[in-house]
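S.K.: Next one to model:
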Amino acid sequence: MVYSVFGNFLAILEEYEARQSPHRNIRRYDIAIADQSRKTDEDVSKKRSLEIKLIFE
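M.R.: Take a look at the predicted model:
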C-alpha cells in the first residue's frame, strides 16, 4: 500500500512539473494513474499539495 501511495504521489508530481514547464523534456516513470488531461492546473496543484500533506502526517 505504501508503494501505491508513493507511486501515485510521484505520478501527480510529474504531471504538475510537466504543466509548469511545458517546454522541458521531463523524464517520467512508468506509473499508471487516471487521465489528468481534463483537470485544470489548479486541480492538479491542489491534489499534489494534499498528497504531500497525507504522506508526511
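S.K.: Tell me the buried residues in stretch 11-22?
M.R.: Neighbour-count burial for stretch 11-22 flags 11, 12, 14, 15, 16 (criterion: 16 or more other C-beta atoms under 10 Å). All C-beta atoms are positioned from the backbone trio N, CA, C, and that covers glycine.
S.K.: The fourth one touches residue 41, doesn't it?
M.R.: What it means is residue 15. No. In this structure, residue 15 is not within contact of residue 41 by C-beta atoms under 8 Å, at 9.7 Å.
S.K.: residues contacting the most centrally placed residue in the chain?
M.R.: When C-alpha atoms, centre = their mean is applied to the chain, the residue found nearest the centroid is residue 12 (0.8 Å). Residue 12 makes contact with 33, 36, 44, 47, 48, 51 under the criterion C-beta atoms under 8 Å, 6 or more residues apart in numbering.
S.K.: Could you pick out the buried ones from these?
M.R.: 36, 44, 47, 48, 51.
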